[in-house]
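Student: Got a sequence here, can you build the structure:
(2 chains, ligands or ions: 3)
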Amino acid sequence: MIPAAFEYHRPQDMAGVLAVLEEHGDDARVMAGGHSLIPMMKLRMADVPHLIDLQDVGGLSDIEIGDDSIRIGAMVTQAAIIDHDGLASAAPILREAALQIADPQVRYMGTVGGNVANGDPGNDMPGLMQCLDAVFTVVGPDGERDIPARDFYEAAYMTAREDDEVLTRVTIPLPKGGYAYEKQKRKIGDYATAAAAVQIVKEGGTCASAAIAMTNLSDTPVFSETAGAALVGTSVDDAALKAAVAAMLDDIDPTEDNRGPIAFKKHVAGVILRRAIERAWSRA
Amino acid sequence: MSNKMHIKLKVNGKDEEFLAEPRELLIYTLRERLNITGPHIGCETSHCGACTVTIDGKSVKACTMFVAQASGKDITTIEGLGGPDDLHPLQTAFKEHHGLQCGYCTPGMITRAAKLLEENPNPTEDEIRFGMAGNICRCTGYQNIIKSIQAAAAEMNASKEAAE
Ligand SMILES: Cc1cc2nc3c(=O)[nH]c(=O)nc-3n(C[C@H](O)[C@H](O)[C@H](O)COP(=O)(O)OP(=O)(O)OC[C@H]3O[C@@H](n4cnc5c(N)ncnc54)[C@H](O)[C@@H]3O)c2cc1C
Ligand code: FES
Ligand code: FES
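Tutor: Residues are numbered from 1 along each chain as shown, chains lettered A, B, ... in the order given. Ligands and ions are numbered 1, 2, ... in the order given. Take a look at the predicted model:
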């Protein structure tokens, strides 16, 4: 399991990163924690003649909690998210989800930027970020631009980020109401068979708004606007839950693989979403 | 294509300098270049934890890091925790509580457990199971690994109190 040879770059700032990307184009790629990229390089499914290690680039590891939004630097690790108490009270769904990603060793290395930029439908944070209506900031030769998480994913490993752009941070509007990240996996440390991120606002016994996103049930994460809409104005009773699950099932497009056949995945998706809505509602 | 880089590591307190291709995986650097064979290769695919070492205070699977990434860092392997004449409390506890059978997973288990106890000196059984989830054992069924970690935690806390 030895990857193909590559030239290793460890620039000290973003200008250095962009310069290598500009010089080598498609032949260059950034690496954050490496826990998705290195396995792919070992399998020789990713060929990276110029590897740019981001570890020394400053300013990418901050977590800032503002009055109406949260900013998380691209190089913030999953372990750092779990450890940050301010973040856990401002947006508890982030810790709940991060604790369900991989295992302790992987969480020390795996970053938010790597997880959302990777484009693997199995990654948990893309769906989570769609649920939270996050915005990804990327920087490239022409400066910075913002891309909403809900518009970022085009197909497996295909995103709205250009090859010469680097993701620098994720900005999340301060979430309101109840939350739940529910994930079904074959064993601890596994990618999801199905996962659901839910954030619900309750006003006087009825649902005022609901955001629902599903993971690993299509070649991109699925933000199901209709599933959320099915809950709004209801008391989140059984009929509303059924309507939300039915709407979600219309939006996903799972394929058969070693996690099971399509019918099984749809079944699990329904169970997981129901649980997530019930838990989020109980916390709203 | 030979593009060797100048690499500097500190491993178990000792400075190491050599030329290596950046793609060399840290587990091979440790085992084959530096003859530090405590960290094992169980899967080579980031799943089993047998290759776990501590790098700058984090438990890391050494099969999933390039030597170039590790350059400049401080690495501790099982050899750095304790040797035959001065066993670490975790090593003693694994021995006494039958925390191993074939022993293949043990260096990774103990290296990870040492970090876990540093972060949480008094873990519950659930916290141990969760904190050790990146390490797989084919032999023990885990029960005695948990007992060993609990025993080591008690021993380490008692000697810390005695020292205070
Ligand atoms: C055993 C195991 C189990 C795992 N289980 C899960 C799981 O259950 N759920 C889950 O979500 N993930 C899981 N992962 C993946 C893990 O969370 C990854 O670490 C993470 O997805 C990628 O983060 P990284 O920092 O390691 O990125 P890298 O591997 O460094 O990069 C991944 C990709 O993103 C690109 N990239 C990285 N950073 C940037 C940036 N700032 N800007 C632009 N592009 C960038 C890279 O070029 C690369 O293409 C698992 C990994 C392993 C090894
Ligand atoms: S050999 Fe590294 S995780 Fe198995
Ligand atoms: S003791 Fe044999 S693998 Fe753990």
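Student: Let me see the ranges of the strands in chain B.
Tutor: B:5-11, B:14-20, B:52-55, B:58-61, B:74-76 (DSSP state E).
Student: swap that for chain A, sorry
Tutor: A:7-9, A:28-31, A:50-53, A:63-65, A:69-73, A:135-140, A:143-148, A:153-155, A:158-159, A:166-173, A:178-185, A:192-203, A:206-215, A:222-223.
Student: Can you convert those strands into CSV and add a column each for mean neighbour count and distance to ligand 3?
Tutor: The way it works is simple: take the backbone N, C-alpha and C, and place the C-beta from them, glycine included. CSV is the format used below for the strands of chain A (neighbours: other C-beta atoms under 10 Å in any protein chain shown; distance: least, C-beta to the nearest ligand atom, whole Å):
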stretch, mean neighbour count, distance to ligand 3
strand A:7-9, 20, 34
strand A:28-31, 22, 31
strand A:50-53, 22, 33
strand A:63-65, 16, 37
strand A:69-73, 20, 37
strand A:135-140, 20, 41
strand A:143-148, 12, 45
strand A:153-155, 16, 39
strand A:158-159, 16, 39
strand A:166-173, 22, 39
strand A:178-185, 23, 22
strand A:192-203, 25, 27
strand A:206-215, 24, 32
strand A:222-223, 24, 39
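Student: Of all these, which one is nearest residue B:152?
Tutor: strand A:178-185 (29.6 Å; C-beta to C-beta).
Student: So for the residue nearest to residue A:119 when sequence neighbours are not counted, what's the pLDDT?
Tutor: The shortest distance from residue A:119 to any non-neighbouring residue, by C-beta to C-beta, 6 or more residues apart in numbering or on different chains, is to residue A:157 (4.2 Å). In this prediction, residue A:157 carries a pLDDT score of 97.
Student: Surely residue A:107 and residue A:78 touch.
Tutor: Yes - using C-beta atoms under 8 Å, residue A:107 is in contact with residue A:78, at 3.9 Å.
Student: Please identify which of these two sits among more neighbours.
Tutor: residue A:78 (29 against 24; other C-beta atoms under 10 Å in any protein chain shown).
Student: and the more buried one, what is it in contact with?
Tutor: By C-beta atoms under 8 Å, 6 or more residues apart in numbering or on different chains, residue A:78 lies in contact with A:98, A:101-102, A:106-108, A:110-112, A:115.
Student: The residues you listed in helices, which ones?
Tutor: Among the contacts of residue A:78, DSSP state H puts A:98, A:106-108, A:112, A:115 in helices.
Student: ok so, going back, need the overlap of contacts for residue A:107 and residue A:78.
Tutor: Shared contacts of residue A:107 and residue A:78 (C-beta under 8 Å, 6+ apart): A:98, A:101.
Student: wait, which of the ones in helices among the contacts of residue A:78 is closest to chain B?
Tutor: Nearest to chain B among the ones in helices among the contacts of residue A:78 is residue A:108, at 3.9 Å by C-beta to the nearest C-beta.
Student: Nearest spatial neighbour of that closest one, chain-adjacent residues omitted?
Tutor: Counting by C-beta to C-beta, 6+ apart, the residue nearest residue A:108 is residue B:58, at 3.9 Å.
Student: Show the pLDDT at that neighbour.
Tutor: You'll see residue B:58 listed with a pLDDT of 98.
Student: re the thing from before, ligand 1 next: which of the ones in helices among the contacts of residue A:78 are close?
Tutor: Counting by C-beta under 6 Å from any ligand atom, A:106, A:115 from the ones in helices among the contacts of residue A:78 sit close to ligand 1.
Student: May I see the buried residues of the lengthiest helix in chain B?
Tutor: Counting residues, the longest helix found in chain B (DSSP H) is helix B:143-163. Buried residues in helix B:143-163, defined by neighbour count with 16 or more other C-beta atoms under 10 Å in any protein chain shown: B:144-153, B:156.
Student: picking that back up, rebuild the ones in helices among the contacts of residue A:78 as CSV, extending it with pLDDT and distance to residue A:34.
Tutor: Output for these, formatted as CSV (pLDDT from 0 to 100; distance: C-beta to C-beta, whole Å):
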residue, pLDDT, distance to residue A:34
A:98, 98, 18
A:106, 98, 10
A:107, 98, 13
A:108, 98, 12
A:112, 98, 14
A:115, 98, 12
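Student: Just among the ones in helices among the contacts of residue A:78, which is most surrounded?
Tutor: Taking other C-beta under 10 Å as the neighbour criterion, residue A:112 ranks highest of these with 31 neighbours.
Student: residues contacting it?
Tutor: Contact analysis of residue A:112 by C-beta under 8 Å, 6+ apart lists A:72-78, A:81, A:125, A:170.
Student: Dump the residues you listed to JSON lines, plus distance to residue A:201.
Tutor: Putting the contacts of residue A:112 into JSON lines (distance: C-beta to C-beta, whole Å) gives the following:
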{"residue": "A:72", "distance to residue A:201": "22"}
{"residue": "A:73", "distance to residue A:201": "28"}
{"residue": "A:74", "distance to residue A:201": "29"}
{"residue": "A:75", "distance to residue A:201": "32"}
{"residue": "A:76", "distance to residue A:201": "26"}
{"residue": "A:77", "distance to residue A:201": "30"}
{"residue": "A:78", "distance to residue A:201": "27"}
{"residue": "A:81", "distance to residue A:201": "23"}
{"residue": "A:125", "distance to residue A:201": "22"}
{"residue": "A:170", "distance to residue A:201": "21"}
